[in-house]
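Student: Give me a 3D structure for the following:
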Amino acid sequence: MKASNILINQLKAFEGCKLKAYQDSNKVWTIGIGHTKGVKMGQVITVGQAESLCRADLSEMESYVNHLGITLTQGQFDALVDFVYNEGIGRLKSSQLLQDIIHKESKEKITADFMQFTKAGGKVQNGLVTRRQWEAKRFFEV
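Tutor: Below is the predicted model of the structure:
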């Protein structure tokens, strides 16, 4: 599977597009549409470069989620790709969320699992609450 246009548009809304490197709420250097690999203070890119970096990052996330073999719908795929894009592969790999998806737990349990990831820098972030709510909702859409 590949990320849908629904996900790509939502990803742009969540991440925005910043052409100059900045530190996110966890003090990670970030640029473009949430890109973090190799970003350095003072770095500047174009909109085209931001989109290319995003698609390259998404490709890695898509590959990982496809490899899991647990998504049956586009909604499930999009939700997990977005989660991994934001939280990282390691966070999903070690999460109760992944275990509960594998074991086909209830909608309520899986939704609650998504909502465990709403903090940055030790504090609940409204943007992460909104993002996790979107992921949980998308997970149960076709």
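
Student: Report the outermost residue of the chain with respect to its centre.
Tutor: Most distant from the centre of the chain: Gly42, at 24.6 Å, with distances by CA atoms, centre = their mean.

Student: in what helix or strand does it lie?
Tutor: Using DSSP states H and E, Gly42 is not contained in any helix or strand.

Student: Tell me how many other residues surround the nearest residue to it once chain neighbours are set aside.
Tutor: Of all residues not flanking Gly42 in the chain, Ala21 sits nearest, at 6.4 Å (CB to CB, 6 or more residues apart in numbering). Where C-beta positions appear, they are placed from N, C-alpha and C, glycine not excepted. Per other CB atoms under 10 Å, the neighbour tally for Ala21 reads 18.

Student: quick one: secondary structure of Ala21?
Tutor: strand (DSSP: H, G, I helix; E, B strand; the rest coil).

Student: Who are the contact partners of Lys27?
Tutor: Gly121 (CB atoms under 8 Å, 6 or more residues apart in numbering).

Student: if you go through this protein in chain order, where are the helices?
Tutor: With DSSP state H as the criterion, the chain has helices at 5-15, 47-68, 74-87, 89-93, 96-102, 107-114, 126-139.

Student: ok, residues contacting stretch 8-19?
Tutor: Contacting residues not belonging to stretch 8-19 are listed as 3, 30-34, 44-47, 50, 54, 58, 82, 85-86, 127, 130-131, 134, 138 [CB under 8 Å, 6+ apart].

Student: gap between the one helix or strand in the chain whose mean pLDDT sits lowest and the chain center?
Tutor: Least confident helix or strand of the chain, by mean pLDDT, DSSP states H and E, is strand 119-120 with a mean of 90. Per CA atoms, centre = their mean, to the nearest Å, the displacement of strand 119-120 from the mean C-alpha position of its chain is 14 Å.

Student: Perfect, that will be all.
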